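>>> Sharing a sequence plus its predicted fold:
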2 protein chains.
Amino acid sequence: MALEHLFQGSALNAVDAKGRVSIPAFLRSVIERRGDARTITLAKHEAFPCLSAYDPAYAALKHAKLERLLEKEETNPEAELEYQQRNLMAFAATEEVPYDSSGRIVFPPMMRRKGQIGDVALFLGTGETFQIWNPQLLLDEARIPEDLKDIARYRLEERGQS
Amino acid sequence: MALEHLFQGSALNAVDAKGRVSIPAFLRSVIERRGDARTITLAKHEAFPCLSAYDPAYAALKHAKLERLLEKEETNPEAELEYQQRNLMAFAATEEVPYDSSGRIVFPPMMRRKGQIGDVALFLGTGETFQIWNPQLLLDEARIPEDLKDIARYRLEERGQS
DNA sequence: TAAAATCCCATAAAATCCCATTGTATCCCG
DNA sequence: CGGGATACAATGGGATTTTATGGGATTTTA
């Protein structure tokens, strides 16, 4: 089982005084082709100082996978604990936010802080999910390929001179 | 068989002098999309020092699952006993409470004690069900992932400084 | 009839909706 | 093919509604 439509591309959008951000239209179109919802789920990324984001279709897939894992090892008490922990991380440590008719979400303050997002947000498609970065943190991150940083620099420039 | 709408997110709400608590709106909306009831069922969590909570739709699902398990092993007397025990826990050891038009329940005193809930309650969505914690007990619990404790700390801070 | 449970109203803060503007990409038609 | 006209994306700001919560009044129950 895999998702047919994949997130790709990049964009740099403003976060306004109310904490609102436009989700780039090219990401929204993927969400709406995958399902009929108009919401995204936000989580702290496990490895990078950024946020991970995805749509309900991906969330359902992830949940089903967890369930199947549990049923396979249902008698093992250790597996039971790990299931509880993963479930908490997958659901309690995430926030689902709807986007409005103009394609904006309001950033939940907790997620905004966890992702250290300031007044601009860099969106990066990564296939099944996408990421939201403070562009400066991406430029400072040693594990990010230089070519990707070039893209971030381009987006910053593009915005700066307009 | 799976539930379409899942509980997710976190919130820290006050328990007032009368024992009333607001069920966070984002949890209520899931309950009302799953069915047309406006009640939640409370139980002591099997593994953690907190309460487990869910809606009538989930209770029905759980009951059906138990029934199927029994039928599969109908000849096994041990299975029969286990079924009786689980059934007792699922129904006798729980309390169903309605929430009012403003989204509040009054905490049944027994459950409040079993969950050791003081004057604040931390709500954590976990997919099919959600949990209600005394936030301090969550911070003290070794089996809870640190990232989730960070969220609890954030919710406490958010409330404390306002 | 006293205690307890329930209902009802009030309010401040926060979240949401609605409308307006601008810039850019796209379309269309002579 | 030029040049408007159109559509859509991103963004700002004000108005409205919901949410979380407190407190009093009223009803139930023992």
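That came through, no problem.

>>> show me what contacts A:Tyr83?
Counting by CB atoms under 8 Å, 6 or more residues apart in numbering or on different chains, A:Tyr83 touches A:66, A:69-70. Where C-beta positions appear, they are placed from N, C-alpha and C, glycine not excepted.

>>> I meant to write A:Leu122 there.
Counted by CB under 8 Å, 6+ apart, A:Leu122 has contacts A:10-12, A:132-135, A:138, A:152, A:155.

>>> can you rerun that using 6 Å?
Counting by CB atoms under 6 Å, 6 or more residues apart in numbering or on different chains, A:Leu122 touches A:12, A:133, A:135, A:152.

>>> And A:Leu156, by the same measure?
So A:Leu156 contacts A:Pro135 (CB under 6 Å, 6+ apart).

>>> again, but for the one 4 residues further on
When contacts are counted by CB under 6 Å, 6+ apart, A:Gly160 touches no other residue.

>>> Can you read off the pLDDT for it?
As predicted, A:Gly160 sits at a pLDDT of 77.

>>> which residues touch A:Ile151?
Here A:Ile151 is in contact with A:Ser10 (CB under 6 Å, 6+ apart).

>>> buried residues in whatever helix or strand A:Arg113 lives in?
Assigned by DSSP states H and E, A:Arg113 belongs to helix A:109-114. Residues of helix A:109-114 classed as buried by neighbour count (16 or more other CB atoms under 10 Å in any protein chain shown): A:110-112, A:114.

>>> Which of the residues you listed sits closest to DNA strand C?
The shortest gap between DNA strand C and any of the buried residues of helix A:109-114 belongs to A:Met110, at 9.5 Å (CB to the nearest atom of the strand).

>>> Could I get the pLDDT score of that closest one?
Turning to A:Met110, the model gives it a pLDDT of 96.

>>> Make sure it is actually in contact with B:Tyr154.
Yes - using CB atoms under 6 Å, A:Met110 is in contact with B:Tyr154, at 5.4 Å.

>>> now the contacts of A:Tyr83: which count as buried?
Of these, these count as buried by 16+ other CB under 10 Å: A:66, A:70.
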